[in-house]
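>>> Here is the input, now give the coordinates:
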Amino acid sequence: MNVLKDWYYAGILFVQTIRELRFLPLQWERCMRHSCNMGYQTLPIVGILSIFMGGILALQTGYSLNKIPGAQNFIGSIVGLSMCRELGPLMTAFLLTGRIGSSITAELASMSVYQEIDALKTMNLSPVRLLVMPRVVGGLFMMPFLTMFANVLGWLGGWLVVESVDVIHSTGNMYWRSLKKFVNMESIHGGLLKGELFALIIIFVSCSIGLQTKGGPREIGTSVTSTLVQTMIAILTCDYFVSKLLL
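Sure thing, here's the model as predicted:
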């Protein structure tokens with residue numbers, strides 16, 4: 001029941017956020033501050049994970065295709081499509097959940113527990129306008145950059161493995177030629193679309209659970225845990241259905 005309540009409130013926040021977008025010019029500085037904060041906190045770990053993920057994917061693929069003559073020439077296409085269609089947006093979303101989603105929930109839950117949200121309402125200030133809408137805009141603005149950053153570093157990680165591991169009988173030139181041949185703008189756009197949807201899920205679920213937190217400080221940790229679990233399940237569910245639609 002609590003999950004249904006959280007998602008119902010997230011839907012209400014979505015509608016209210018759309019209404020508050022008319023105040024975006026007044027909140028633009030706050031939006032950019034949240035966007036830069038998301039990028040600053042998430043960019044390093046996204047880069048590290050993406051390089052190793054691309055390298056691992058190339059290593060495992062190259063080893064598996066080792067017995068098929070000529071199949072290793074397609075490692076670039078496999079790494080390229082896997083990163084831009086699935087792994088890039090999905091890894092970025094999971095890292096954004098852990099770094100940003102938990103932070104949003106903890107901050108808003110603290111404000112709710114210590115009655116700062118009620119104080120805003122008493123002063124006739126909209127919590128959605130000040131706390132939710134800037135985070136939504138900031139997340140939507142930053143997510144495509146993070147996703148493309150993950151894609152590019154994943155491709156570079158695969159290239160480094162192809163060039164340096166002897167068990168893979170291919171070359172860097174063949175890797176890039178295969179990647180360029182099969183990775184098109186449609187695949188990249190599909191991954192960026194997933195990233196935007198994942199960002200909406202992360203921010204609205206985090207804000208919904210945070211704003212609904214009641215009780216004492218102990219409830220803040222419970223809300224953060226709930227955010228992580230619900231968001232990751234929702235991201236994987238959304239990923240499946242969006243992937244099916246984009247086929």
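
>>> sec struct for residue 68, please.
coil (DSSP: H, G, I helix; E, B strand; the rest coil).

>>> What pLDDT does the model give it?
Residue 68 is assigned 81 on the pLDDT scale.

>>> Low-confidence ranges, this protein, go.
Low-confidence segments of the chain, defined by pLDDT under 70: 1.

>>> From residue 139, how far off is residue 160?
From residue 160 across to residue 139, the span is 31 Å (C-beta to C-beta, to the nearest Å). Yep, even glycine has a C-beta here, placed from its N, CA and C like the rest.

>>> Neighbour count for those two, which is higher?
residue 139 (27 against 16; other C-beta atoms under 10 Å).

>>> who's in contact with the more buried one?
34, 35, 38, 96, 100, 199, 200, 202, 203 (C-beta atoms under 8 Å, 6 or more residues apart in numbering).

>>> from memory the fifth one sits against residue 42, does it?
Meaning residue 100. Yes: contact criterion C-beta atoms under 8 Å: residue 100 and residue 42 qualify, at 6.5 Å.

>>> Among those two, which residue is more densely surrounded?
Applying other C-beta under 10 Å to residue 100 and residue 42 shows that residue 100 carries more neighbours, namely 24 against 21.

>>> which ones are touching the more buried one?
Contact partners of residue 100, counting by C-beta under 8 Å, 6+ apart, are 37, 38, 41, 42, 139, 202, 206.

>>> Among the residues you listed, which one is most surrounded by other residues?
Neighbour max across the contacts of residue 100 (other C-beta under 10 Å) = residue 206, 32 neighbours.

>>> I'd say it and residue 228 touch.
No: if you go by C-beta under 8 Å, residue 206 and residue 228 don't touch, sitting 9.4 Å apart.
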